[in-house]
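Let's see this in three dimensions:
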Amino acid sequence: MNPTVRYGSRGEHVVKLQEGLNQLPSALARLTTDGIYGQKSIARVREFQGKNGLVPDGIVGPNTWGVFLQLVAQIVANLPAAPPTPTTAMFALMRPQVIGFARGFVGRVDFSVMVNGRPKGIDLIKNIFAKAANTPLTDDNFRKGDGTWTWVPIVGGKPKSWCGIFCVHCYRLAGFSSVTWSLNGGPVGPIKMAQFSTHFVDQVQTADIGVVATQEHHFLIVGTEPGKKAPRIHSIEGNTTWGRIVERPIPHPNGHQFFKDNFNYYRVQ
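Below is the predicted model of the structure:
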């Protein structure tokens with residue numbers, strides 16, 4: 001028996017409710033499955049109740065639970081089988097495609113340029129957040145308190161850098177859909193940060209995600225300088241000045257290098 005859910009309810013039953021609501025068609029924004037029954041979850045429940053002949057009071061009691069669970073079960077039963085999680089060997093074939101997609105975005109964002117009164121590339125950044133971080137944005141997220149535009153959107157009252165989200169977006173476009181980005185924790189899925197070893201330099205590969213300490217900046221690694229103990233890095237990076245997506249070959253004045261600025265990289269497992 002599922003407990004009645006009211007404003008302020010918390011717990012796994014709220015998570016189950018939020019996950020199920022995200023499976024159902026809606027004109028409202030996708031919910032964060034945080035287990036907290038707040039105003040956004042209430043709005044989704046009221047919408048659901050109104051569509052299904054229930055009292056739209058936002059309270060999830062036995063009647064609402066019954067209809068809700070039945071509809072979610074029907075949807076899940078008709079979902080296609082999930083695609084297999086790519087293995088490390090499969091991802092090896094995807095690596096050139098990741099870089100190819102990334103190169104296709106170079107030059108497409110520049111908040112110093114206005115197009116029809118809006119910054120160039122704002123819709124691309126919105127798409128990156130929606131697809132790679134499951135976070136829909138509006139133009140309002142890209143305005144500061146004084147009304148000026150910012151290429152680092154404000155989400156939950158805080159600016160959210162998207163350099164790492166851009167990297168994951170390119171992964172997903174190439175078919176590595178089991179990797180996503182958590183706004184509070186970095187890449188999620190079969191990927192983890194490398195541990196230092198004698199093979200730390202040798203094991204880095206094209207399309208690995210590099211990270212440096214300065215502003216916790218992430219980038220895609222295209223290649224490295226051959227024959228060096230501390231090689232410089234050829235990269236493609238998003239969220240640079242004015243939000244530009246740029247390619248930085250070797251040498252580059254703003255390029256990265258092994259063992260500088262606390263460099264590390266993520267490996268696909």
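
give me the number of residues near residue 185?
For residue 185, the neighbour count with other CB atoms under 10 Å is 7. (Each C-beta comes from the backbone N, C-alpha and C, glycine too.)

List phi and psi for it.
Per-residue torsions, residue 185: phi -150, psi 0 (degrees, to the nearest 10).

next one: residue 193
Here residue 193 shows phi and psi, under degrees, to the nearest 10, equal to phi -70, psi 140.

contacting residues for residue 124?
105, 108, 109 (CB atoms under 8 Å, 6 or more residues apart in numbering).

next one: residue 261
Counting by CB under 8 Å, 6+ apart, residue 261 has contacts 212, 213, 214.

want to try a markdown table for the contacts of residue 124, with pLDDT and distance to residue 116 as columns?
As requested, the contacts of residue 124 are exported to a markdown table (pLDDT from 0 to 100; distance: CB to CB, whole Å):
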| residue | pLDDT | distance to residue 116 |
| --- | --- | --- |
| 105 | 96 | 20 |
| 108 | 96 | 16 |
| 109 | 97 | 15 |
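
Nearest to residue 16 among those?
Each of the contacts of residue 124 was checked against residue 16 using CB to CB; the closest is residue 105, at 36.9 Å.

ok, how many other residues are close to that closest one?
A count of neighbours around residue 105, defined by other CB under 10 Å, yields 20.

Do I have it right that it meets residue 173?
No - under the criterion of CB atoms under 8 Å, residue 105 is not in contact with residue 173, lying 9.6 Å apart.

Kindly format the C-alpha coordinates of stretch 27-43 as CSV.
Extracted in CSV, the C-alpha atoms of stretch 27-43 (Å, rounded to 0.1, in the frame of the first residue of the first chain):
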residue,chain,number,x,y,z
ALA,A,27,2.8,19.7,-21.1
LEU,A,28,4.8,20.5,-18.1
ALA,A,29,8.6,20.2,-17.4
ARG,A,30,10.2,16.9,-16.6
LEU,A,31,10.5,16.4,-12.8
THR,A,32,13.7,16.0,-10.9
THR,A,33,13.4,12.7,-9.1
ASP,A,34,14.6,14.0,-5.7
GLY,A,35,12.0,12.4,-3.5
ILE,A,36,10.6,15.8,-2.4
TYR,A,37,6.9,16.5,-3.1
GLY,A,38,7.0,20.2,-3.9
GLN,A,39,5.1,22.6,-6.2
LYS,A,40,6.4,21.2,-9.5
SER,A,41,5.4,17.7,-8.5
ILE,A,42,2.0,18.9,-7.3
ALA,A,43,1.4,20.7,-10.7
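
contact partners of it?
Outside stretch 27-43, the residues touching it (CB under 8 Å, 6+ apart) are 5-12, 14-15, 17-19, 21-22, 44, 47, 58, 134, 136.

taking those one by one, which sit in helices?
Per DSSP state H, helices hold the following members of the contacts of stretch 27-43: 12, 14, 15, 17, 18, 19, 21, 22, 44, 47.

Show me where the stretch 151-269 of the chain has its helices.
With DSSP state H, counting those that start in this stretch as the criterion, the stretch 151-269 of the chain has helices at 163-173.

What are the boundaries of the strands in it?
154-155, 158-159, 180-182, 186-188, 191-193, 209-212, 217-224, 232-237, 246-248, 256-257, 264-268 (DSSP state E, counting those that start in this stretch).

Tell me how far the residue nearest the centre of the chain lies from residue 161.
By CA atoms, centre = their mean, the chain has its centre lying nearest to residue 133, at 2.0 Å. The gap separating residue 133 from residue 161 is 11 Å, by CB to CB, to the nearest Å.

Same question for residue 98.
As judged by CB to CB, residue 98 and residue 161 stand 20 Å apart.

quick one, which of these two is more surrounded?
For residue 98 and residue 161, the more surrounded residue by other CB under 10 Å is residue 98, and the numbers stand at 26 against 17.
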